[in-house]
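Undergrad: need the 3D shape of this:
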Amino acid sequence: MSKRPSRPSSPRSPSGRSGRSAEGRAAASGYWMYGLHAVEAALRNPDRHLHELLVTKEGLSALESRQVPIRISPNVVERQRLDLLCERDAVHQGVCLRVEPLTPPFLDEVLEGREGPLLILDQVTDPRNIGAILRSAAAFGAAALVVQDRNTPQEGGALAKAASGALDVVPVLREVNLSRIIAQLQNAGLWTVGLDAGGSVLNGPSYTGRRVALVLGAEGAGLRRLTRESCDEIASVYMPGDMESLNVSNAAAVALYELVRPA
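TA: As a prediction, this is how the structure comes out:
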């Protein structure tokens, strides 16, 4: 099964603080997560390792009004300080939290401990698309998201913001060989469905009694040949309008709805 990566160490002084500025430490230890939903989910996740919480007065009030368990002492700063930590035009809503990436579970733990379909992404490279897919995965009860390690961006602020809290809800497993992981899922009894415009129309009720792993290809390129050939079936989402295709995150949302909708 999949290997669990070791968590990077974070050398700290006895007081838990370094003499360097927060901005200077960000690259060396973890990353900055921003936005109320993302930060709230991380603070509520006991498995999330936290380093530092920077908030404006308004941001702290927003967290408190949501009754978020603030597990780390907040540092109240001016909004401009947060602007410097985030990507250009990022909407941080007055909260930034420096965290370590989550340690993913093993595949067999996911299959045994979580219900719902799985999602497999074949070299999807836009972190905002991955974040949006995670949000849909959480909304429709998916068990996990599997990505190819080498050609997928690491967990980071833009991805977490787009996921709107789902990054701390839906496990993300990073695998070297997607064809091998598809074979493992098939051996575990899952039916693997590749999403591609040339397939038959996806019909959720036809999968009753079967657990599905939905495989989605990269933006523009779609499924790679070997990945496509590894799937049990190729299907497409029903689109009666004038558009020939959807963005991968939109296609994932439509397909997940189709899989879980009542017959």
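Undergrad: I130 and D149, how far apart?
TA: 13 Å (CB to CB, to the nearest Å). All C-beta atoms are positioned from the backbone trio N, CA, C, and that covers glycine.
Undergrad: who's more crowded, those two?
TA: I130 (26 against 14; other CB atoms under 10 Å).
Undergrad: per-residue confidence at the more buried one?
TA: With respect to pLDDT, I130 scores 97.
Undergrad: just say helix, strand or coil for it.
TA: Secondary structure, DSSP: H, G, I helix; E, B strand; the rest coil: I130 is helix.
Undergrad: surely it touches A162?
TA: Yes - between I130 and A162 a contact is recorded at 7.4 Å, counting by CB atoms under 8 Å.
Undergrad: got the phi and psi for the nearest residue to R261 once chain neighbours are set aside?
TA: Among residues not flanking R261 along the chain, G204 sits closest, at 5.3 Å (CB to CB, 6 or more residues apart in numbering). With angles defined as degrees, to the nearest 10, G204 sits at phi -50, psi -50.
Undergrad: now do the contacts for G204.
TA: 257-261, 263 (CB atoms under 8 Å, 6 or more residues apart in numbering).
Undergrad: name the member of the residues you listed that has the highest neighbour count.
TA: L259 (21 neighbours).
Undergrad: what's near enough to touch it?
TA: By CB under 8 Å, 6+ apart, the neighbours of L259 are 117, 140, 202, 204, 207, 212, 214.
Undergrad: now, which of the residues you listed lie within helices?
TA: Nothing among those maps onto helices, per DSSP state H.
Undergrad: and of those residues, the nearest to R180?
TA: L214 (17.7 Å; CB to CB).
Undergrad: what about the closest one, how many neighbours?
TA: Neighbours of L214 (other CB under 10 Å): 25.
Undergrad: that one pairs with what?
TA: Judged by DSSP bridges, the bridge partners of L214 are L119, V193.
Undergrad: for the stretch 51-200 of the chain, what spans make up the strands?
TA: In the stretch 51-200 of the chain, the strands defined using DSSP state E, counting those that start in this stretch lie at 74-76, 95-99, 118-122, 144-148, 172-175, 191-201.
Undergrad: what is the first one packed up against?
TA: What it means is strand 74-76. strand 50-55, helix 57-65 (3 or more CB pairs under 8 Å, 6 or more residues apart in numbering; DSSP states H and E).
Undergrad: name the residues of it that are buried.
TA: P74 (16 or more other CB atoms under 10 Å).
Undergrad: partner strands of that strand, parallel or antiparallel?
TA: strand 50-55 (parallel).
Undergrad: give the contact list for R114.
TA: So R114 contacts 143-144, 171 (CB under 8 Å, 6+ apart).
Undergrad: for P127, see how far away the residue lying closest to E100 once chain neighbours are set aside is.
TA: Nearest residue to E100 in three dimensions, chain neighbours excluded: H49, at 4.1 Å (CB to CB, 6+ apart). Per CB to CB, H49 is found 20 Å from P127.
Undergrad: what about these two, which has more around it?
TA: P127 (21 against 16).
Undergrad: check contacts around that one.
TA: With the criterion set at CB under 8 Å, 6+ apart, P127 makes contact with 153, 156, 158-159, 162.
Undergrad: what's around Q154, how many residues?
TA: 10.
Undergrad: residues in contact with the residue lying closest to it once chain neighbours are set aside?
TA: In space, and not counting its chain neighbours, Q154 is closest to P101: 6.9 Å by CB to CB, 6+ apart. Residues near P101 by CB under 8 Å, 6+ apart: 30-31, 154-155.
Undergrad: for P101, grab phi and psi.
TA: When quoted as degrees, to the nearest 10, the phi and psi of P101 stand at phi -60, psi 150.
Undergrad: what is the neighbour count of L223?
TA: The burial count for L223: 24, using other CB under 10 Å.
Undergrad: mind checking how far the residue lying closest to it once chain neighbours are set aside is from I130?
TA: With sequence-adjacent residues excluded and distances taken as CB to CB, 6+ apart, L223 is closest to G217, at 3.7 Å. Distance of G217 to I130, given as CB to CB: 13 Å.
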